[in-house]
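> Got a predicted structure plus its sequence, pasted below:
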Amino acid sequence: MADTLATPKAHGHVEHHDVDYLHDGSLLSWLTTVDHKKLGVMYLWSVLFMFFLGGVFALLVRLELFAPGKQFMDAETYNKVFTLHGAIMVFLFIIPSIPAALGNFVLPIMLGAKDVAFPRLNLASFWIYVVGALIAVTAMVTGGVDTGWTFYTPYSTTTDGSVALMTFAAFVLGFSSILTGVNFIATVHKLRAPGMGWFRMPLFIWGMYSTAIIQVLATPVLAITLLLLIMERTFGVGVFDPKLGGDPVLFQHFFWFYSHPAVYIMILPGMAIISEVVPTMSQKTFFGYKATAFSSVAIAIVSFVVWGHHMFTSGQSQLAGAIFSFLTFLVGIPSAIKVFNWITTMYKGSISLQAPMLYALMFLILFGIGGLTGLFLGAMSVDIHLHDTYFVVAHFHYVMMGSTAIAFLAGLHYWWPKMFGRMYNESAARVSAVLVFIGFNTTFLPQFLLGSRGMPRRYYNYLPEFQFLHQVSTVGSWILALGFVIMAGYLFASLRKKMDAPANPWHGRSLEWQIPSPPITHNFHEVPVITTEPYDYYRPFEPSVKGHH
Amino acid sequence: MNFLREWMMPIQASEHAAKVDNLYLFIFLLTLAFFVLICYLTVLFAWKYKRKKEGVLTINFQHNLALELVWSIVPLILVIGIFFWSFNDYAAASVAPNDALEIHVTGKKWNWTFEYPDGTRSIRSLHVPVNKPVRLIMTSEDVLHAFFIPSLRIKQDVVPGRYVDLNFTAIIPGKHQVFCAEYCGRDHSGMMGDLFVDSPAKYAEWLEKGDEELYKMKPADLGKMVWEMKGCNSCHTLDGSKGEGPSFKGIFGKTEKFRDGSTAVVDENYIRESILNPQAKVVAGYEPVMPTFQGLLREIEIKGVIAFIKELK
């Protein structure tokens, strides 16, 4: 089935018409597929596995912090475990999660295309991801890494362990990210269905497009930085270590020049999903479509000039600090506008509170906390106190996990029926959602207080006065884990059922809801023609796709 | 509001700390208001417009210029206000007055060392007089560290290969916590210290007596530290080779011949005299070049040097 894209045989064509993309389940067909849907699904299982792995490390960290002093691992092991938690979650889960897994599956269909612009490149991107992941695992088992996911020099160039291998893994994973970005940009420009102007694209596409721009422009800088780090560590070429004539603050500039835009590589796709789920589940036209679309692009651009706000205490010039602080406040405004747009979209809607919407509502509240606490950190005098404390840990977990990962779950529950043709158990999904919400807040809300009271991050041991809040946080991590165990249970259970999902369980109007669940290999029998705006819920539905009914 | 501040923040040990807290509280209340608004509207809409019937059409509400301008411009004005407020406090704190007490800080895995203008050193305990502006001049000998005093609301990365400074004026006497806030490896979480804010009299007394750490050290170790720090090592070797002065190796108990022809056994009193009044007995074959250390060494340090020399068999 995989080769059907490349072999347009006239008589075979008819047979494939009604066969869904999951029909050919042989291992070879999966591993060599150029079908964006199968690649999306393979990415999905990969990132879910990485989320599990990173989550286990997170639970270990929280368990060790249940009381001061040694619980069950020594300081060196603890340092490796929190490094692995961060590196896995950032490079192997969050960055690829939405674009590579859900984006790959949905983006071409939403545009009315048969596939992405460069299907083979898409396959290459997946295998580069796998190779990167394998290198990372090799680094973990051959000495581990204890630098933190930020690899700050000169610690990272002088410590023992497999730092060079781990940074090489991040280097390789970067290429996977770049290739996905290139593919999406080309697909959005060239493969939109007839009638789909830029402002008729669903907002999910705008978010993916903005993300792709950052991926393509920023990731090479990380690649160069990591290469320089490997050269310094392996060959003693002095770039960052002052003992070799280098400058350690330069590394931080390079690193954050990528990694701050990378924060938006992580959050923009989350926003993109929410922009899809909220209007569909509310059956409402999107309020402020253009403002939201342009906000995504504005965030993508301004995100390149705020990296120095990670470095207010680093010794960079005070003028630079002031400029970065000012720009940081500006980048908050488009995000605020989006929040108001999502909420206003719900106004006078017909709101379904099924699982995808529960996660979207959760996102609004958690992103509210994550975004608003950013104001404390953008303010220089306050940031000096809060920098490198648990306040920062709490803040970025509200953004990365409370927002991006929760949006990913919203998207997963939203498109799951489309991807696998099966509905999951809605009651179980609601129980799990409530547990995730309670568990998440129990874990991370106390950390704001720990931080403002002065508890530094990346501490193996801590003063007794911080113990109570640490314990609350650890108990929260167990509630969160329980929520995820239930989720894994009902999602896997749904896969064992017969295919029962309707084509359009949420009454959506974008193209993926106008084709069967799961879609056929070619997505569409005929090229769809777009004649309406993406969220015209105020008037009766006019299908753009012909030939399925 | 005070209970909120006390609940969320450490004690305020400087005026700067109070300024930081004021802005912190302002942002807290402001963001709390916005957060309540977001939650209120989200929950209200989700509840009020919950789907009652399938397949209904909804209103077409895509724009409202007034609404959109308000929610763009009001946050913009607020954040610009926060920017100027925070920048003012930050800039004011980064300038040290001319008469500031300058103390050198060195970070090294996993200890802080402090050097005072009179040459006194201390490890892990920083002593400063109350109400006196202090300028810390800091560097690292290995990797990045960060010097963090929560009760003063100050923090600065300590970078190898350069000096960075940190200014404060502590107004509350007592002991305050010092942390390392930049990850530096195995004992990062143990790289703590104490800031002692003393009355001027108590500070002077501490300088006179020396750091408590000196009293906890083995005398010979202390002697070795003095030998390194006070420059004894530039003339007196430990391996028997000849320097500007006699080597310390095996010298204790030996009978020395002096330039004036007299002799004496090297014992505790001889060493003490040689440190405080070096020209009294100059060993034959050496020039009378050693300066006196009268008033430069504490009694405990002299004892340490004697113990150190005794051990060098």
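Received it, and whenever you're ready, just let me know what you need.
> contacting residues around the helix or strand of chain B at the bottom of the mean pLDDT ranking?
The least trusted helix or strand in chain B, going by mean pLDDT, DSSP states H and E, turns out to be helix B:212-216, with a mean of 79. Residues from elsewhere that reach helix B:212-216, judged by Cβ atoms under 8 Å, 6 or more residues apart in numbering or on different chains: B:Ser122, B:Ile123, B:Arg124, B:Ser125, B:Leu222, B:Arg298, B:Ile300, B:Glu301. (C-beta placed from N, C-alpha, C; glycine too.)
> which residue sits closest to the residue of the stretch 151-300 of chain A found nearest chain B in space, ignoring its chain neighbours?
In the stretch 151-300 of chain A, no residue comes nearer to chain B than A:Pro242, which is 2.7 Å away by Cβ to the nearest Cβ. Spatially, and ignoring its direct neighbours in sequence, A:Pro242 is nearest to B:Gly161 (2.7 Å; Cβ to Cβ, 6 or more residues apart in numbering or on different chains).
> That neighbour - how many residues pack around it?
A count of neighbours around B:Gly161, defined by other Cβ atoms under 10 Å in any protein chain shown, yields 17.
> Next, find the distance separating it from A:Pro248.
Between B:Gly161 and A:Pro248 the distance is 8 Å, computed by Cβ to Cβ, to the nearest Å.
> now do A:His525
A:His525 is 59 Å from A:Pro248, where distance means Cβ to Cβ.
> and what of B:Val105?
17 Å.
> So which residues on the stretch 201-350 of chain A come close to chain B?
A:242-243, A:247-249, A:282-289, A:291, A:313-315, A:318, A:321-322, A:325-326, A:329-330, A:332-333, A:336-337, A:339-340, A:343-344, A:346-350 (Cβ under 8 Å from any Cβ of the partner chain).
> neighbours around A:Phe294, how many?
The number of residues packed near A:Phe294 is 15, by other Cβ under 10 Å.
> do the same with A:Glu76
A:Glu76: 16 surrounding residues under other Cβ under 10 Å.
> Next, give phi and psi for the closest residue to it other than its chain neighbours.
Distance criterion Cβ to Cβ, 6+ apart; nearest residue to A:Glu76, sequence neighbours excluded, is B:Arg186 at 5.6 Å. Main-chain torsions, B:Arg186, degrees, to the nearest 10: phi -50, psi -60.
> And for B:Gly174?
Dihedral angles for B:Gly174 - degrees, to the nearest 10 - are phi 130, psi -170.
> who does the closest residue in space to it that isn't next to it in sequence bridge with?
Using Cβ to Cβ, 6+ apart and skipping the chain neighbours, the partner closest in space to B:Gly174 is B:Val197 (6.0 Å). B:Val197 forms beta bridges with B:Val128, B:Gly174, as assigned by DSSP bridges.
> who's in contact with B:Val197?
When contacts are counted by Cβ under 8 Å, 6+ apart, B:Val197 touches B:Ala13, B:Val128, B:Pro129, B:Val130, B:Ala170, B:Ile172, B:Pro173, B:Gly174, B:Lys175, B:His176.
> Give me the pLDDT for the fifth one.
Spelled out, that is B:Ala170. Model confidence at B:Ala170, given as pLDDT, is 96.
> What count of nearby residues applies to it?
Quick note: B:Ala170 (other Cβ under 10 Å) scores 26 neighbours.
> would you say A:Val485 is within a helix?
Yes - counting by DSSP: H, G, I helix; E, B strand; the rest coil, A:Val485 is located in a helix.
> which of the residues in stretch A:316-326 are buried?
For stretch A:316-326, burial by neighbour count (16 or more other Cβ atoms under 10 Å in any protein chain shown) applies to A:Gln316, A:Gly321, A:Ala322, A:Phe324, A:Ser325, A:Phe326.
> which SS class is the last one?
Pointing back at A:Phe326 there. Per three-state DSSP, A:Phe326 ends up helix.
> Output the below-cut-off pLDDT ranges for chain A.
A:1-17, A:547-549 (pLDDT under 70).
> So which residue is smack in the middle of it?
A:Ile94 (3.6 Å; Cα atoms, centre = their mean).
> Can you show me the helices along the stretch 201-313 of chain B?
B:212-216, B:219-229, B:268-276, B:299-311 (DSSP state H, counting those that start in this stretch).
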